[in-house]
Every structure is written in structure tokens, then in C-alpha cells.
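# Show me the folded form of this:
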Amino acid sequence: MDILGLFMIAGIFVAVSIVLDLYRAFSGPTVFDRVMAISVIGTKTAVIIPLIGFLFERPGLFIDISLSYALLNFVGTLVVAKYLERGELWSPYT
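Model prediction:
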């Protein structure tokens, strides 16, 4: 088995685990479980993007896209967590 086949198998496993995380995102008992599941899905998507880059034989471009996506995922998770903690995103007095 060549290296591209291994990347394909790894991508399939990550995609299947994303489906399992979707179950947690829809049926999570609390909103924090749902936020965590969406964050995990974003992280796994950031892993799949370079795998697709290796399959298309253009890993450099896809790694840059993956890093940008991971940064947006992290910032988005922080914004949602702040909103859930305080009930507002910004206050001029804090």
C-alpha cells in the first residue's frame, strides 16, 4: 500500500469520527457539550484539509488553509464560550 492509500484511509476514519461527533452536537444534554462537539468537528476538519492536500499533491497550499481554519475555529470557540459565560459578547465596563 502506498502513502496516498494510507492518507485516504486516515481521511475516511476522521470523516467517520466527525459523523459520531455530529451525533453529540445534535443530542448533547447541555449546550457546553454541543459547543465542544462543534469545536472537535472543526479541529478534525483542520486535520482532513492537509490530508486532501496530500491526495491532490499540493500539501503546502492546503496546510496554509488548514492553519487559517484552525485559527478561526479556535477564535469562534472562544467567542461562543465568552457569550455563554457572560450572556453578552462585549461590555464597555469590563
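
# The host helix or strand of residue 48 packs against which elements?
Using DSSP states H and E, residue 48 sits within helix 31-55. Counting contacts by 3 or more C-beta pairs under 8 Å, 6 or more residues apart in numbering; DSSP states H and E, helix 31-55 is packed against helix 3-27, helix 59-86. For glycine as for every other residue, the C-beta is placed from the backbone atoms N, C-alpha and C.

# Just the angle for that helix relative to helix 59-86, thanks.
Orientation check (axes from the mean of the first three to the mean of the last three C-alpha atoms, to 10 degrees): helix 31-55 against helix 59-86 gives 170 degrees.

# Just want the angle from helix 31-55 to helix 3-27.
160 degrees.

# quick one: contacts for the residue nearest the centre of the chain?
The chain has residue 42 as the residue nearest its centroid, 1.1 Å off, counting by C-alpha atoms, centre = their mean. Residues in contact with residue 42 (C-beta atoms under 8 Å, 6 or more residues apart in numbering) are 69-70, 73, 76-77.

# try 7 Å this time
Shown in contact with residue 42 (C-beta atoms under 7 Å, 6 or more residues apart in numbering): residue 73.

# so the closest residue in space to residue 82 that isn't next to it in sequence, which of the three states?
Excluding its sequence neighbours, the residue lying closest to residue 82 (C-beta to C-beta, 6 or more residues apart in numbering) is residue 89, at 6.5 Å. The assignment at residue 89 comes out as coil when based on DSSP: H, G, I helix; E, B strand; the rest coil.

# burial of residue 89, as a residue count?
Neighbour count of residue 89, defined by other C-beta atoms under 10 Å: 9.

# Does it touch residue 78 like I think?
No: taking contacts as C-beta atoms under 7 Å, residue 89 lies outside contact range of residue 78: 10.7 Å.
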